[in-house]
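> For reference, the sequence and a predicted model appear below.
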Amino acid sequence: MKRLGIVMAAMAALAMGVSPAAAASKAPSSKQIEAGKAGAPAAIQAAKLNCTMTDAYQIQSGKDPKTKEDVALYEVACQEGPGYVIQQKGATAQGFDCLAQAETAKTQKDGLTCVLPANANPVNGFGTLVSGLGYPCTATGARLMGATAAGDTFYEVACQGDKGYVVQTSPGKKAEASDCIQTLGSGSTECQLTTKAQILANMTKLASGAPMPCTVENARMIGADKNSGSTYYEVACQGGSGFVLQASAQGAFQQAIECAKAQGIGGGCELTVIDETAEAGTYSQLAKTAGFECDVAKYRFLGTTKDKAELVELACKNRADGGLAMFPASGKGQVFDCVQGGSLGVSCQLSQPNAVYGKYTERLVAMGKNQCKVSGAKYLASTTAGSDFVETACSDGLPGFVISIDHNTGQTKELLTCGQAARSGAACSLPTNIAKN
């Protein structure tokens, strides 16, 4: 999963843009419209604006008294939403959106405002922009938040239904929109047109689809899955409970996920204290059935496999070596140690891998290698035939071995030297083995 939206930290040092000023705005003449439609397309391209022009006029033109370059000022209306005033000088140009122009005009006596019919209300253009990005929006308000030195400009847009977004535009790039929930607690970059109370009220509506009641008192966006289009939110409810909400790309409720089972979603819950012992008894019994005697002290839910089996890390009261378990909906589960568990694409956090090194020493002894006390072990690779390769290092510094373990039964299949393993495509990487092979 990748986190979605604008990185608000990039706005830590916003600088307000400087807009062009001119004589008081007035309705354009037919000559200005003709000149604008002829010259504005090149100015749009030079300014690297995401704008399919629908209307334009030339505000003024002339020569720069110092450089003698041609200079021109245009207003353009765009199919994508916001309109712009564009300053063009020679082959270069810079665009200033009509919302920024309107804000400047409030403080500058001769500030230039947009007059084309499509730009008359700059707020409407941002509703069109947000809707075009996949978030239906009839804009009720918009404000310029600021810009970075790199040319990124940020706006807040409020929509009917108490929804709000932060929009980022960048020269030559498609705009991005991020839900205002991402700005909660961010100080000066927090949404103002859409309040925290409105955001939490919307999250309470979304949470009403969950099987457990929740009046949301705090919330945050965790991220989104580009493949499914789902967005994930954490909500903290009155009374201390909380969970993760999964919503569709259209914002509809999909499911509620307990915090204890959401650690694999963007790092899991942060607003809610997780009870890591709530299902300890159940997991202890499942582990025992799988042949792993573990009085579970705490656990970490990592998600589900494509076969709908639960993937859980277990820490035990009765043994130092925890495990990574796969528990199917029915039938016997399987528990891997924290080294071989790398074959599942996850790693242990509740137990240290060195707690299982003694078990690998025993495997070597069983295969007739009595001189190696394992001081390091690392999962290397798996074969299509169902073998997991685990590299071992010896405490005396002599070359270690690669143990081939049956993925399904956990039985040792064969021992390989690092040279043999490398020829099979699984090169050793532990320091003493690199030096000796």
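Sure, I can see it.
> you'd agree residue 209 is up against residue 253?
Yes - here residue 209 reaches residue 253: they are 3.1 Å apart, a contact under Cβ atoms under 8 Å. For glycine as for every other residue, the C-beta is placed from the backbone atoms N, C-alpha and C.
> list the residues that contact both of the two?
Common neighbours of residue 209 and residue 253 (criterion: Cβ atoms under 8 Å, 6 or more residues apart in numbering): none identified.
> Quote the end-to-end distance of stretch 89-101.
In terms of Cα to Cα, to the nearest Å, the two terminal residues of stretch 89-101 are separated by 19 Å.
> and what of stretch 354-372?
Stretch 354-372 end-to-end distance (Cα to Cα) = 15 Å.
> now that stretch, how far from the chain's geometric center?
Centroid separation between stretch 354-372 and its chain, computed with Cα atoms, centre = their mean, to the nearest Å, is 42 Å.
> Ok, stretch 346-353 next?
Stretch 346-353 sits 24 Å away from the centroid of its parent chain (Cα atoms, centre = their mean).
> can I have that stretch written out in CSV, keeping just the CAs?
Taking Å, rounded to 0.1, in the frame of the first residue of the first chain, the C-alpha atoms of stretch 346-353 are listed here in CSV:
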residue,chain,number,x,y,z
VAL,A,346,7.3,-10.6,6.4
SER,A,347,9.6,-10.5,9.4
CYS,A,348,9.3,-10.8,13.1
GLN,A,349,9.1,-7.7,15.4
LEU,A,350,7.9,-9.2,18.6
SER,A,351,10.8,-11.8,18.8
GLN,A,352,14.4,-11.8,17.8
PRO,A,353,15.6,-14.2,15.1
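> Buried residues, that stretch. List them.
For stretch 346-353, a neighbour-count test (16 or more other Cβ atoms under 10 Å) marks 346, 348, 350, 351, 353 as buried.
> Looking at the residues you listed, which is nearest residue 239?
Distance ranking of the buried residues of stretch 346-353 against residue 239, using Cβ to Cβ, places residue 350 first at 27.9 Å.
> okay, now residue 356: neighbour count?
When neighbours are counted by other Cβ atoms under 10 Å, residue 356 registers 24.
> Give me the local confidence score for residue 2.
We have a pLDDT of 31 for residue 2.
> can you give me the helices for the stretch 151-300 of the chain?
196-207, 280-289 (DSSP state H, counting those that start in this stretch).
> Which secondary structure elements does the longest one sit against?
Based on contacts counted as 3 or more Cβ pairs under 8 Å, 6 or more residues apart in numbering; DSSP states H and E, the elements that helix 196-207 packs against are strand 163-169, strand 216-224, strand 231-237, strand 242-247, strand 253-258.
> so how far is the longest strand anywhere in the chain off the chain centroid?
As assigned by DSSP state E, the longest strand anywhere in the chain is strand 53-63. How far strand 53-63 lies from its chain's middle: 41 Å, per Cα atoms, centre = their mean.
> before we move on, the earlier item: adding pLDDT, write the buried residues of stretch 346-353 out as CSV.
Listed next are these as CSV, based on pLDDT from 0 to 100:
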residue, pLDDT
346, 88
348, 92
350, 91
351, 91
353, 87
